[in-house]
Structures are given as C-alpha cells and as structure tokens.
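[1] Sequence below, structure please.
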Amino acid sequence: MKRIVQPLISGTALALATGWMALGCKPSEAPGTAAAKGGGGGMSFQVVAIEARRQPVAEVVSLVGTVTANESVEIKSETDGVVQTIGFSEGQSVEAGALLVALDQTKFQTSLQESEASLELSRANFDRAQQMFRDKLIAQQEFDQAAATFRVNQSAVELRRRLLKDARIVAPFAGTTGARQISPGQVISRNTPLTTLVDLSVMKVELNLPERFLGQVRTGQKVEFRVDAYPQDRFSGEVYFISPQLDPGTRTALVKARVANPEARLRGGMLAQLDLSVRLRESALVIPEPSIIASGDTNLIFVVSPQNQAVMRPVRLGLRLAGKAEVLSGLEPGEKVVVEGVKKIFPGAPLKLSGPESAAPYLQ
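    Residues are numbered from 1 along each chain as shown. Now for the predicted structure:
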C-alpha cells in the first residue's frame, strides 16, 4: 500500500502554496503567466526535472587522525664501547640484519679468550673429578665443586660471546635510517641513541572514533584520507584494529588502518583528514539537493504530475550527501522531481520539461 506522509506546511512553504489565493488569482491568471501570454494562448514554465531513483548511499564521517610508520625504532647500543665503523648513510634503505654500527671489539675478544681458557681448564678438572668420583677416590663435595666451576665458566663464555655480538649493531628489520647521532671514535655508553630505523613500506593511520559510531565500524572496512603535503591526492586504507576499550575521558575508541605506501610519500606524524563510511544503504531513494525547499523543519519538493503540472510535496529526508539527499518518505521511485526552475513555479503551474541533456548533470 502506498503511504504518503503529509506534515503541516508552514512559513515559506505555506506562502508558496497559498500566495496565488491571497492575490485573488487563479493559477492561469497569475502575474507573470498573464504577462507571458502576450494576449493569447497558455504558457508553460520550462524546468529541468529528473526521475527519483534508488542507489547505494553511505554516511561519511570526517575525522582527524595521525599517520604512523608500520615499524619504528630508536637504535641504541646495548654495551659500552668505542665507535669503530658506521655502516649506513642518513636516509639510506637497509635490509634486515644489515650492519649499522660496529664498536671496537678488541676488549670483548680478549675477555672472551680469557673465559674460554678458564672453561677449558674447568672442563678438564670436571672430567678428572668425574672419573675419580666413579672410582670413589674423591668425596661428593669435591665432585660438586668441580661441576659447579665448569658450569660457571660455561656461562661466562656465553656472556662474553653475547657482549662480542653486541659490539655489532644490526638493523632489526628492513627500513630507512634516520639522522646519525654518533661519529667514528666516539666513546658511547649503554643505551646511547645511534639513529632511528623506520619501515615506510606500510603506514598506519590512527584515529579516535566517537562512541556513537563504534557499532558501525568493522575490521576490513575501507577508509579514505588526504594529507596537507598532497592536497590533490586521496589515500586509501583498511581498518585492522578497533580498541576493545574506550577512553573513559573522551568516550572514544582507538582505531587503526593500514595503508600501502610503495612510493614512501606518507611519513610518520602527518595529519590525516579522513572520510570514514559508517553507514551504508544499498538501495536508497536519492534526489539532487537543488530540488529541496527548506521551510523551518519541513522540506518540500515539486513533483511533475502526469498532466505536467507542479505538485508541491512534503518529504522526510535521511542522509545528506554531497549535492544529494536521501528521501525516506513522501516520494516514490520513478516520480519526476523539479531540480531547476523551482523558484519560479507554484503549485498547479503548467510545466514544460527540458531535454535529457539538461538533466544529465544531476544524474551523475
């Protein structure tokens, strides 16, 4: 059953519907119409009208986020030493495991050799003690002491080998190096910053999503954004993380999206201006924005009747899109809506429709 919603018409809408009555004229005698007759024949108002049609619509929320690198780390030394070799240039792309900084290894090698000598001696003592204990020539206490000394020296060798390894600082992942903060010959201590390493192949966009939109966002959802560095370009990403907990202070949830960055144009710290689709309707009735007459809380349109006359119709709108609006009630698919010439017509006015080429821009 067709249901037509007819809310109360007031203000400007009421004036449009009753203005001719206030002037004591019939529509065919309206000023302007009469003048256009030139003393004979009827006249129609030429307008542009299109058929209301269904199409997918999405509610898009504009948000601000921050671009961050997929991986980013500050490279530091794990031990004290003297910088012997710097194996990278600032801004250089390096592979995982590439040598970044080498410290002077002399003292580490000497210490390792000393520990290895102690280990060999303790191993020999342990082997002799083991044989003598089996032959019941030494007490349990002497055997335990030899075994403990052997294990302590084993641990010392492992530690010295790790310290020697720490003298070579390598890239933990493939990425781009940052500014160099040390020089050859410099004495550094543990945790001294050496440089930074950033993976720019994939970037992340982080944003705080208001609670009211949380139920309409899901992982795998597409997001689009732009940055000030490239104002004409739009970048696309995919949501992969939605925080399981909201910030109690702001009532927002942290959302992250991955973005491919093959040309390394995006950099960490950029401000991202996002358009996030939070609600999608596959089949919504949509009309162009210029066809709508706003009057207080009421929205009106002119529909073309089968007799090519203007019929004023109240409508209830839903989502407002760029240049378009969703109609929830008051209009049926296929009805023709006036999009140009709205201001010069009145209820009952005879209409002459322009050709399809005039309506084409509104069908995009």
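[2] Can you pull the poorly scored residue ranges out of the stretch 1-150 of the chain?
    Where the stretch 1-150 of the chain drops to pLDDT under 70, the residues are 1-42.
[3] residue boundaries of the strands in it?
    Secondary structure of the stretch 1-150 of the chain (DSSP state E, counting those that start in this stretch): strands at 45-51, 53-76, 81-86, 93-94, 99-103.
[4] Compare those and give me the one nearest residue 186.
    When the strands of the stretch 1-150 of the chain are compared by C-beta to C-beta, strand 81-86 sits nearest residue 186, at 4.7 Å. Where you see a C-beta, it was placed from the backbone N, CA and C, and this is true even at glycine.
[5] Mind giving me the packing neighbours of that closest one?
    Applying 3 or more C-beta pairs under 8 Å, 6 or more residues apart in numbering; DSSP states H and E, one finds that strand 81-86 makes contact with strand 99-103, strand 187-188.
[6] Run the angle between the longest one and strand 53-76 for me.
    Put simply, strand 99-103 runs at 20 degrees to strand 53-76, going by axes from the mean of the first three to the mean of the last three C-alpha atoms, to 10 degrees.
[7] Parallel or antiparallel, which strands does strand 99-103 pair with?
    strand 81-86 (antiparallel), strand 168-170 (antiparallel) (DSSP bridges).
[8] What residues of the shortest one count as buried?
    The one in question is strand 168-170. For strand 168-170, the buried set under the neighbour-count rule, 16 or more other C-beta atoms under 10 Å, comprises 169-170.
[9] Ok, the longest one next?
    Counting neighbours by 16+ other C-beta under 10 Å, one finds that the buried residues in strand 81-86 are 81, 83, 86.
[10] Contact partners for the nearest residue to residue 207 once chain neighbours are set aside?
    Among residues not flanking residue 207 along the chain, residue 65 sits closest, at 3.3 Å (C-beta to C-beta, 6 or more residues apart in numbering). Counting by C-beta atoms under 8 Å, 6 or more residues apart in numbering, residue 65 touches 205-207, 225, 271-272, 274.
[11] And residue 284, by the same measure?
    54-57, 318-319, 326.
[12] With neighbour count as added columns, please give those in TSV.
    Converted to TSV, these look like this (neighbours: other C-beta atoms under 10 Å):
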residue	neighbour count
54	13
55	12
56	10
57	22
318	17
319	17
326	18
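[13] With respect to residue 116, which of those residues is nearest?
    When those are compared for distance to residue 116 (C-beta to C-beta), residue 56 wins out at 72.1 Å.
[14] pretty sure that closest one is in contact with residue 286, am I right?
    No. With contact defined as C-beta atoms under 8 Å, residue 56 does not count as touching residue 286 (9.3 Å).
[15] what's the following helix or strand after the strand or helix carrying residue 205?
    Here residue 205 sits within strand 193-210, counting by DSSP states H and E. Along the chain past strand 193-210, the next helix or strand (assigned with DSSP H and E) turns out to be strand 222-227.
[16] how far out from the middle of the chain is that following strand?
    5 Å (C-alpha atoms, centre = their mean, to the nearest Å).
[17] for that strand, which positions count as buried?
    223-227.
[18] now those as a markdown table including pLDDT?
    Listed next are these as a markdown table, based on pLDDT from 0 to 100:
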| residue | pLDDT |
| --- | --- |
| 223 | 87 |
| 224 | 89 |
| 225 | 93 |
| 226 | 93 |
| 227 | 95 |
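[19] so what's residue 211 up against?
    246, 251-253.
[20] what mean pLDDT would you report for the strand or helix carrying residue 317?
    Element membership of residue 317 [criterion: DSSP H and E] is strand 310-321. Across strand 310-321, the average pLDDT comes to 87.
[21] coming back round to it: okay, now the sheet partners of the strand holding residue 205, with direction.
    The pairing partners recorded for strand 193-210 under DSSP bridges are strand 53-76 (antiparallel), strand 175-177 (antiparallel), strand 252-260 (antiparallel).
[22] In this structure, where's the longest helix?
    Longest helix of the chain, by residue count under DSSP state H: helix 106-134.
[23] ok now that helix, how far from the chain's centre?
    Centroid separation for helix 106-134 versus its chain: 59 Å, with C-alpha atoms, centre = their mean.
[24] Quick one: work out the angle between it and strand 81-86.
    Using the same axes, to 10 degrees: helix 106-134 against strand 81-86 is 120 degrees.
[25] dump the residue contacts of residue 353.
    46-49, 304, 308, 336.
[26] hmm, which of the residues you listed are the buried ones?
    47-49, 304, 336.
[27] out of these, who's nearest residue 160?
    Using C-beta to C-beta, these come closest to residue 160 at residue 48, 86.1 Å.
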